[in-house]
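Undergrad: Sequence and predicted structure, then a few things I'm wondering about:
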Amino acid sequence: MEKALKKYGPIFTLPTFIAFCIGFIWPFLQGLYLSFCQFTTVDNAKWNGLKNYIYVLQDEAFLDSFGFTVAFAVVSILSINVIAFTLALLLTRGLKGTNFFRTVFFMPNLIGGIVLGYIWQILINCVLSLVEAPLLALNTAAGYWGLIILMCWQQIGYMMIIYIAGLQNISEDVLEAARVDGANSWQTLIKVKLPMVMSSITVCVFLTLTNSFKLFDQNLALTGGDPNHTTDMLALNIYQTFYSRAGMQWKGYGQAKAVIFCILVVTISLIQLNATRKREVQS
């Protein structure tokens, strides 16, 4: 079997590799080149050097959207993972209706981001109107917390499933040994369960981190950046730079922002993966 895999493996992986190069590697390299150009289409690109990147680093709107995205990501990552892990603990205790609750909590993940954004926009605006507060289009704080609630509602069920799989993978012998040694429920959770599900924590934190930074369609549908772009996240800011203004320079600025955005997300994700993987233990 090993000889056959070594001999014929490249033949079967070649189509996928070619598709990956066409669909990802080449567009990424082309986008990297265009970030140093002024252009309206790929065919009329004119080399612009580092001017696009200099402009981006001086763009207050982009820096503000970065700060807003970081603030959103920190709160959403903590909220989603804490609530998802708590639900996973409750749903692995053999309670009645466990499968029903797992299905109900997971279902929001199946709804598209645009649809979720408009649904929650209606709900939040209704609540704000009842308390006579400014609507989302005029309320930065409501827009921020609305995005947090929307993200949590969509992602908690998915992360809960991953945590349930990790908890169910813990050997009952390990838990029994902890009880024999006199560990109470809290000590078992902190000293046994958390270290044993660290691989699941790594996956969930990675997913929530990348999803938080890449959030676009929910942001567009829920707030659209209102009021006055104070609820713009990075992806929406890039979109507005690239498509909302005419002129060759704006396409280049948007592409430079996209490259910085990509490098930022990859760097933060790698740091997070390296930090959490060091704490993983074998179950």
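TA: Received, thanks.
Undergrad: if I read this right, Ile149 contacts Trp120, doesn't it?
TA: Yes: between Ile149 and Trp120 a contact is recorded at 6.9 Å, counting by C-beta atoms under 8 Å. C-beta here means a position set from N, CA and C on the backbone, and glycine is covered the same way.
Undergrad: Looking at those two, which is more packed in?
TA: Each of Ile149 and Trp120 has its neighbours counted (other C-beta atoms under 10 Å); Trp120 has more, 21 against 16.
Undergrad: pretty sure that one contacts Ile148?
TA: No: Trp120 is not in contact with Ile148 according to C-beta under 8 Å; the separation is 10.7 Å.
Undergrad: Can you pull the residues that touch both of these two?
TA: Counting by C-beta atoms under 8 Å, 6 or more residues apart in numbering, Trp120 and Ile148 have no contacts in common.
Undergrad: Could you report the separation of Met151 from Thr208?
TA: Taking C-beta to C-beta, to the nearest Å as the measure, Met151 and Thr208 are separated by 8 Å.
Undergrad: Low-confidence stretches in the stretch 101-250 of the chain?
TA: Where the stretch 101-250 of the chain drops to pLDDT under 70, the residues are 246-248.
Undergrad: need the strands for it, in chain order.
TA: When assigned using DSSP state E, counting those that start in this stretch, the stretch 101-250 of the chain turns out to have no strands.
Undergrad: Now for the spatially most central residue of the chain: which residues touch it?
TA: The centroid of the chain falls nearest to Asn211 when counting by C-alpha atoms, centre = their mean (1.0 Å). The contact partners of Asn211, by C-beta under 8 Å, 6+ apart, come to 151, 155.
Undergrad: quick one: contacts for Lys257?
TA: 56, 62, 234, 237-238, 241.
Undergrad: Met159 now?
TA: Met159 is in contact with 80-81, 84-85, 204, 207-208, counting by C-beta under 8 Å, 6+ apart.
Undergrad: about what we covered before: pull up the overlap in contacts between Met151 and Thr208.
TA: 76, 80.
Undergrad: is it true that Ala235 touches Gln218?
TA: No: look at Ala235 against Gln218 with C-beta under 8 Å: they stay out of range, at 10.1 Å.
Undergrad: Those two: who's more crowded?
TA: More crowded of Ala235 and Gln218, by other C-beta under 10 Å: Gln218, with 25 against 21.
Undergrad: distance of the more buried one from Thr241?
TA: Distance from Gln218 to Thr241, counting by C-beta to C-beta: 19 Å.
Undergrad: just Ile271 next, same as before
TA: From Ile271 to Thr241 the distance is 27 Å (C-beta to C-beta).
Undergrad: if you count what's nearby, which of the two comes out ahead?
TA: Under the criterion of other C-beta under 10 Å, the comparison of Ile271 against Thr241 puts Thr241 first, with 22 against 11.
Undergrad: Do I have it right that that one meets Tyr253?
TA: Yes: shown here, Thr241 and Tyr253 form a contact pair, counting by C-beta under 8 Å, at 5.5 Å.
Undergrad: Report how many residues lie close to the residue nearest to Thr188 when sequence neighbours are not counted.
TA: In space, and not counting its chain neighbours, Thr188 is closest to Ala178: 4.9 Å by C-beta to C-beta, 6 or more residues apart in numbering. Applying other C-beta under 10 Å, we find 18 residues neighbouring Ala178.
Undergrad: Same question for Phe101.
TA: Neighbour number of Phe101 under other C-beta under 10 Å is 16.
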